[in-house]
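Q: Predicted model, plus sequence, below.
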Amino acid sequence: MKAKGFFYNLGTMQPKVIINSKAFKLTLKRLCYQLIEQHDDFSDTVLIGVQPRGSILGERIQQELKNIAKIDVPLGKLDITFFRDDFRRTEKPLTARATEINFQIENKKVVLVDDVLYTGRTIRAAMDAMLVYGRPSSVELLVFVDRRFTRNLPIEATYVGRSVDSIDSQRVSVEWAKTEGEDKVLMFSTDKEK
Amino acid sequence: MDQLSVNHLLGIKELKKEDIELIFSTADNFKDVINRPIKKVPSLRDITVANLFFENSTRTKLSFELAEKRLSADTVNFSASGSSVKKGETLIDTVNNILAMKVDMVVMRHASAGAAKFLSENVNSVIVNAGDGAHEHPTQALLDAYSIREKLGSVKGKKVVIVGDILHSRVALSNIFCLKKLGAEVMLCGPTTLMPKYIAELGVIIEHDLLKALQWCDVANMLRIQFERMDTKFFPSTREYVMQYGLTKEKLQRAKKDIVVMHPGPINRGVELSSDVADSDNSIILDQVENGVAVRMAVLYLLASKIKR
């Protein structure tokens, strides 16, 4: 973009809050109730958070389910670094994180958890990485934010916190009380369009 | 830091402390991977690695090959015996011919010191040194330090004695560089004839009495006597060497402390290490071998990430 007029600069200003902390709590609760509807007593269900940010959502969901229905669902954390399809294609090297799955997923109903669904490539990698731990009877996907119309792969979420319309040059970031001090979802815009 | 500062692994001397720490943190993840039911990840599926072993090797060759396969890389193996090297082909020609078959990385062991560096300057490929003469054996030093870190929590401030044939050992030199960079204290112990001249200038302590060394150290890394590299007698007899420098249960007990015993393999049982020590709880020799695969996976992964498509 060559012209740097008034309208273009608007985009670089403050990020927009698309979910504030009050709405955030409601959305989290609603996702949990949806899970309870589908999974009954959770006897065969496990949660797997995609590292790093999906596992924070996983922890919150696990806690919330405990509060609402006194159900303790096992939670695993899955690192997908070595299964990504952009190795050697990005300028920035990929840094791995720990995988902690202390249970069998064979014949379990797995709910994959991630904060933002964007191109779908992360989830593709997560499904590959997960198969190392066994063959689940079913896999569902729970995301807090679904960026519609940006998918590169035919992947859709089963449970969606909020759908947002965004373009590639924008960035959606889910912030957590645990890491950033407040629960909220932000949308950043930059003036460089692709 | 999330990227290595080097494009080849030629020796520990060229690495920064941060590089070593990055390799270790990456190796932690790979150690987790190789303990899973399916020990394989697809990261290097479009990379081909040539393992060129111009000198004999069991452990290192197997370890590298396993590391490559567990990263899903394609591998080709080469050993000097039975190859055209015997017909007089030069090193550069041999390697360039292999690279012409579209190979991305070369893991090489060679009997001449500096062979890996020479290759890195003359051919267009990523070079990993798997031992060059009596110069360096970087992955061995990395896995040794990684094993110490795993066993004792950290390397910093630990006292490590390297015992035996320092003169002919590439493991010793790489270990000195690696341990010093990570903040350990290093002592060398062996007969004067097997101690290189001026080695103390690397900031290591020299000791000729094994019992004193054992009383000082937390970790004893026992080196093999490299008879194949000895063109002359360096000590009167093997029996005398064993009496002075062979590590036995009795000598360990006299040191009155828990010492971690390491050995880069292959062990000459009854020479530098008695069987009861090699198989004791103090010994982490087999952990070293396991960690070797994880550390080599980390090295290959980090170097491969720098190959642009």
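A: All right, it came through fine.

Q: what about A:I61, how many neighbours?
A: A:I61 has 23 neighbours, counted by other C-beta atoms under 10 Å in any protein chain shown. Yep, even glycine has a C-beta here, placed from its N, CA and C like the rest.

Q: Ok, A:D128 next?
A: With other C-beta under 10 Å as criterion, A:D128 counts 16.

Q: ok, it to A:R84 distance?
A: For A:D128, the distance to A:R84 (C-beta to C-beta, to the nearest Å) stands at 9 Å.

Q: do the same with A:S137
A: Distance, A:S137 to A:R84, using C-beta to C-beta: 26 Å.

Q: Now for the residue in the stretch 201-309 of chain B that chain A sits nearest to, how many residues are close by?
A: Residue nearest to chain A within the stretch 201-309 of chain B (C-beta to the nearest C-beta): B:S305, separated by 4.9 Å. By other C-beta under 10 Å, 20 other residues sit near B:S305.

Q: Without its sequence neighbours, what residue ends up closest to it?
A: A:P93 (4.9 Å; C-beta to C-beta, 6 or more residues apart in numbering or on different chains).

Q: got the contact list for that neighbour?
A: B:D2, B:Q3, B:L302, B:S305, B:K306 (C-beta atoms under 8 Å, 6 or more residues apart in numbering or on different chains).

Q: which element is the closest residue to chain A within the stretch 1-150 of chain B on?
A: Nearest residue of the stretch 1-150 of chain B to chain A: B:V41, at 3.6 Å (C-beta to the nearest C-beta). Using DSSP states H and E, B:V41 sits in no helix or strand.

Q: who's B:N221 bridged to?
A: For B:N221, the beta-bridge partners under DSSP bridges are B:I162, B:M262.

Q: isn't B:A145 right next to B:K17, touching?
A: No - at 11.1 Å, B:A145 and B:K17 do not qualify as touching, with contact defined as C-beta atoms under 8 Å.

Q: what touches both of the two?
A: Common neighbours of B:A145 and B:K17 (C-beta under 8 Å, 6+ apart) are B:L182.

Q: In terms of neighbours, single out the busier of the two.
A: Neighbours were counted for B:A145 and for B:K17 using other C-beta under 10 Å; B:A145 has more, 26 against 13.

Q: Check what pLDDT residue 6 gets.
A: Just so you know, I chose chain A. For A:F6, the model assigns a pLDDT of 46.

Q: wait, chain B
A: B:V6 carries a pLDDT value of 95.

Q: buried set for the lengthiest helix in chain A?
A: Ranked by number of residues, the top helix in chain A under DSSP state H is helix A:21-39. Across helix A:21-39, burial judged by 16 or more other C-beta atoms under 10 Å in any protein chain shown covers A:A23, A:F24, A:T27, A:L28, A:L31, A:C32, A:L35, A:H39.

Q: I'd say the last one and A:T45 touch.
A: So the one you mean is A:H39. Yes - between A:H39 and A:T45 there is a contact under C-beta under 8 Å: 4.7 Å.

Q: any common contacting residues for these two?
A: Counting by C-beta under 8 Å, 6+ apart, the shared contacts of A:H39 and A:T45 are A:K109, A:V111.

Q: Give me the contact status of stretch B:98-114 with chain A.
A: No - Stretch B:98-114 does not reach chain A (C-beta under 8 Å from any C-beta of the partner chain); its nearest approach is 10.0 Å.

Q: buried ones in that stretch?
A: For stretch B:98-114, using 16+ other C-beta under 10 Å, the buried residues are B:I98, B:L99, B:V103, B:D104, B:M105, B:V106, B:V107, B:M108, B:R109, B:H110, B:A113.

Q: And the next helix or strand past the host helix or strand of B:E68?
A: Here B:E68 is covered by helix B:59-70, with elements defined by DSSP H and E. The helix or strand immediately downstream of helix B:59-70 is strand B:74-79, counting by DSSP H and E.

Q: and the buried residues of stretch B:98-114, which of them are in strands?
A: Among the buried residues of stretch B:98-114, the ones falling in strands (DSSP state E) are B:M105, B:V106, B:V107, B:M108, B:R109, B:H110.

Q: hang on, isn't the third one packed against B:I47?
A: No - the pair B:V107 and B:I47 fails to qualify as a contact (C-beta under 8 Å) at a distance of 11.9 Å.

Q: What subset of the contacts of A:P93 is buried?
A: Applying 16+ other C-beta under 10 Å to these flags B:L302, B:S305 as buried.

Q: Mind putting the buried residues of helix A:21-39 into TSV with distance to B:A278 and pLDDT?
A: Formatted as TSV, these follow (distance: C-beta to C-beta, whole Å; pLDDT from 0 to 100):
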residue	distance to B:A278	pLDDT
A:A23	64	91
A:F24	59	90
A:T27	60	93
A:L28	56	93
A:L31	57	94
A:C32	56	94
A:L35	54	94
A:H39	53	91
